[in-house]
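Enquirer: Only the shape, not the letters, is given here:
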C-alpha cells in the first residue's frame, strides 16, 4: 500500500470544520458578561486538536459516496461534543492542562467553566437541529438518535471511571477496563463518527453493525494508546502533562498490568501512592511509579494490546467494509486506522 | 373570582409527570457502577418539587384545547431540564442543600454529580427526540427549537450571575438584575412552559409574542419572590438554607436595594462581608446583613416589585390571552399567576 500522510488528509478537513464552527459560534454581545461567555465557549475549539473525529466522519461519508456539504454540519457538531465534554472532564479529573494550555476551569474557575460547557453543549444540539434544513427532518432525527446513543455511552463510561477513583478501587480486571473504554471512548471517537458519516451518505443499516464491531476494537486501541502516550509522550506534541494520569489516579491498562506483575510489597507501596489525593502526591512518588512501570514493561504490554486490537479492527475493515467503499478512500481509511495506534500525540 | 386551590390543581399533574419520568429513567444495570449512575439521575426527580413548570405546560396546553397525552412527554422533558440544571447550579453556587436534603455533589462529590447532571440532560434530549412518534417530526423539531432557545437563555443568565460573583461586582443596577433574571429564570420557568404547551395544542405563532411579554414579567416576579423566600422563608417548606443567598454572595434585588439605601460606612461593612468566600463567612456576619435588610425594609421593597410585576403579567394575561382560552382553564391560570408571588416556598 502506498503511504498516505494522515496529517495532510486531516488538515484541510479540520480547517473546514473549524471555519464552520467559528462562523457558527457567537462572538460578541452588548452585555460584557455574555461576551466573556462566548469567549469561553470559543476557547477549546480555538486550541488546535487533531480533528480525528470530524475527519473520520467526513471520510466515511466520502467513502460511501456522500458530499462534504451534507456532512459538514454534523462533523462540526461532533467536534463541539468533544470540546464541551472535555471542559467537564477536565473539572471531573482535576486536569490542569488541555492541549498545552491551562484547562478552562483553571483559567476561569469551576463555576463559569462548568456553565460554559453546558452552553457549548447547547450549540451542539442546535447544530443537530439545523440538520433538518440540510438533510430533512427524518435524517436529522436519525442523526440526533445516534448522538443520543453516543452521549449516553460516553457519560456512562466516564461515570464508571470516576466511580473507581471515588471508591479507591484497584481490583479492576482487563475486561472491566475494556468495557469502560468501549463506553467512554469507542462510541464518540470511532463508532459514531464513522457510522454517522456513512449514514449521511445513505449507507444501509447493516453497515452500522459492522462499524460497531470495528469501532469497539479501534476505540479501545485508541484509548490504550492515549494512556501510553500520557506516560511516555512528548509534552510539546501531546499537550497534557506527562504522567498526568498517575497524578489523577486514573485506572489504565498499564497500571492493571503493573499491579498483576509486581510483588506484594510493591503492590502495597503502589496502591498507597495511587490512592493519595492529587495534592498530597509527591513528584518523587510519581517517579517511583514510572520506574516500576519500566521494570515490569507494562507500557510495552499495553502498547502491544493496543496494536493487537488495531489489527482486529483492520481485519474487520478489510473483510467487511473495504468492498463497500471506493478504492481511493479505502487507502486513506486504512492509514487512519494505523495512525490511531502509531500516533505520538 | 372563585378561589382555586393551586396545590390541588398541580398535585395530580405532577404525579403524572413523575410517574412518566420514573418509568422512562433507567433503574438497574448489570454493572454496579452504572446502577449507581442511574440512582444519582433519579435522586433529584425523586425529591418532591412543586411541579410548577410542567404544570404550566400542561395547563396552557389544555387552555388552548390540547390533550394531556400529547403534552406529557414534553412536560416531563421540562421537569428533567429543571432537575439536571440544578445539579450543575448547586455545584456552581456551592449550595449545600436542595429540596431539604444534601445537594448531589455533597452526597457523591463534584466529579460524579457533574457527570450525572450531563447524563440526565441526555435523557431530556432523548425525550424531545421521542416527540417525533407522539407529535410528528415537524412539531417535534419546533419544540426542540424552543428548548434550544430556553437552554441558551438560561445558561447565559446563569453565566451573568456567576460572573458578577467571580468579579466581586456589586455595582449592579435594577435593570442589570432584571435582565439577568429574564434570561436565567423567565424562559425556563414561565415562557417556555406556557408557550410549548400552547404550541402542542396548536396555538398560532402570534400567541408566542404575548406569552413572551407575559412571561418576562411573571418570570422576574417569580425570581424576586424566590430571593425573598431565601431570606425569610420557612425552611421546612422552602427546602434550602434560609439566608443561603447571603452565604453564596448572590446578587439579589434585596441587596441592590439595601446597598442603595444604606450609609457609606454600612456599605463598606456590607461589601466586606459579602465579598468573603463562603467558608470564611461567619454566622454573625450573615445576621448583621439580615438586620440591615430589616432596618432598610429591603425585603418589603423587593416583595413590592415582585407584586407589581405579577400585576403587569396578570394584565397582559387578561387583555391578550383570556379571550383565547376556555373559561374554566382561565380561572386556574389566573390562580397560578397569583401563586407565583404569594407562595411560601
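Expert: Alright, I've got the coordinates. Worth saying up front: this structure is predicted, and the values here are computed from it rather than measured.

Enquirer: Ignoring the adjacent residues along the chain, who's closest to residue A:184?
Expert: Counting by Cβ to Cβ, 6 or more residues apart in numbering or on different chains, residue A:157 is the residue found nearest to residue A:184 once chain neighbours are left out, at 2.8 Å. For every residue, glycine as well, the C-beta is placed using N, CA and C.

Enquirer: for residue A:306, same thing?
Expert: residue A:224 (4.0 Å).

Enquirer: Contact partners for the one you found?
Expert: The contact partners of residue A:224, taken as Cβ atoms under 8 Å, 6 or more residues apart in numbering or on different chains, are A:181, A:252, A:253, A:302, A:303, A:305, A:306, A:309.

Enquirer: any idea which of those is closest to residue B:110?
Expert: For those, the closest approach to residue B:110 (Cβ to Cβ) belongs to residue A:252, at 22.2 Å.

Enquirer: Look at the closest one and report its pLDDT.
Expert: Per-residue confidence for residue A:252 comes out at a pLDDT of 95.

Enquirer: Let's verify the residue nearest to it when sequence neighbours are not counted: helix, strand, or coil?
Expert: Nearest residue to residue A:252, sequence neighbours excluded (Cβ to Cβ, 6+ apart): residue A:227, at 4.0 Å. Following DSSP: H, G, I helix; E, B strand; the rest coil, the label given to residue A:227 is helix.

Enquirer: What about residue A:227, how many residues nearby?
Expert: Residue A:227 has 22 neighbouring residues, counting by other Cβ atoms under 10 Å in any protein chain shown.

Enquirer: could you measure it against chain B, distance?
Expert: Between residue A:227 and chain B the distance is 19 Å, computed by Cβ to the nearest Cβ, to the nearest Å.

Enquirer: Distance of residue A:323 relative to residue B:293?
Expert: 75 Å (Cβ to Cβ, to the nearest Å).

Enquirer: list the buried ones in the helix or strand that the residue nearest to residue A:306 is a member of?
Expert: Assessed by DSSP states H and E, residue A:224 sits inside helix A:205-232. Neighbour counts over helix A:205-232 (16 or more other Cβ atoms under 10 Å in any protein chain shown) mark A:207-208, A:210-212, A:214-232 as buried.

Enquirer: what's the spacing between it and its chain's center?
Expert: Here helix A:205-232 is found 10 Å from its chain centre; the criterion is Cα atoms, centre = their mean, to the nearest Å.

Enquirer: Assign residue A:28 to helix, strand or coil.
Expert: Per three-state DSSP, residue A:28 ends up coil.

Enquirer: Name all residues that make contact with it.
Expert: For residue A:28, the contacting residues are A:35, A:38, by Cβ under 8 Å, 6+ apart.

Enquirer: thinking residue A:230 is in contact with residue A:247, fair?
Expert: No - using Cβ atoms under 8 Å, residue A:230 is not in contact with residue A:247, being 10.2 Å away.

Enquirer: returning to that earlier point: quick check: the residue nearest to residue A:252 touching residue A:245?
Expert: Yes - in terms of Cβ under 8 Å, residue A:227 counts as a neighbour of residue A:245; the distance is 6.4 Å.

Enquirer: list residues touching both of those two?
Expert: Common neighbours of residue A:227 and residue A:245 (Cβ under 8 Å, 6+ apart) are residue A:252.

Enquirer: The residue nearest to residue A:335 when sequence neighbours are not counted - how many residues pack around it?
Expert: Nearest residue to residue A:335, sequence neighbours excluded (Cβ to Cβ, 6+ apart): residue A:4, at 3.9 Å. Residues near residue A:4, counting by other Cβ under 10 Å, number 17.

Enquirer: For residue A:4, give its distance to chain B.
Expert: 36 Å.
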